[in-house]
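A.B. asks: have a look at this prediction, sequence included:
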Amino acid sequence: MFPIIEAWHSSGLTQKEYGKVHNIPVHVLAYWSVRYRKLKSPVSDQAKFIPVTYEKPATSPLEIILPNGIIIRFGQPVSVNYLQQVLKGCSV
């Protein structure tokens, strides 16, 4: 089946079109296409993930600078209700 999958790739046709022309069910082409791709893939299953490091940003998640010069910084996420109460207390 791999030569057929290679012929399909080089044809430029969709699986449906190629299957119709060559009397091959689409599900058969799809199945063998996946098998072909897995076999021919230069990347192993274990190498598909790369390590990622994350450093917490130095700035706080939320900073509000009011027109009167007051700066409000939150070190963690806050609810909308809490934020509204804080802003009411600052006479915005």
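C.D. replies: Here it is on my side, so go on.
A.B. asks: please count neighbours and contacts with C-alpha atoms only from this point.
C.D. replies: Will do.
A.B. asks: got phi/psi on Ile71?
C.D. replies: Note on Ile71: its backbone torsions stand at phi -110, psi 130 [degrees, to the nearest 10].
A.B. asks: what does Arg73 give?
C.D. replies: Per degrees, to the nearest 10, the backbone of Arg73 is at phi -120, psi 130.
A.B. asks: what's the answer for Pro67, then?
C.D. replies: phi -60, psi -30.
A.B. asks: also Ile64?
C.D. replies: Dihedral pair for Ile64: phi -120, psi 130, per degrees, to the nearest 10.
A.B. asks: OK, contacts around it?
C.D. replies: For Ile64, the contact set (C-alpha atoms under 8 Å, 6 or more residues apart in numbering) comprises 71-73.
A.B. asks: now the helices for the chain?
C.D. replies: 2-11, 15-22, 26-40, 80-89 (DSSP state H).
A.B. asks: out of those helices, nearest to Glu63?
C.D. replies: helix 80-89 (11.2 Å; C-alpha to C-alpha).
A.B. asks: nearest to Pro51, of the helices of the chain?
C.D. replies: helix 26-40 (22.2 Å).
A.B. asks: quick one, domains of this protein?
C.D. replies: Domain ranges of the chain: 2-47, 56-92, per automatic domain parsing.
A.B. asks: single out the most deeply packed of these.
C.D. replies: Highest mean neighbour count of those: domain 2-47, a mean of 13 (counted as mean count of other C-alpha atoms under 10 Å).
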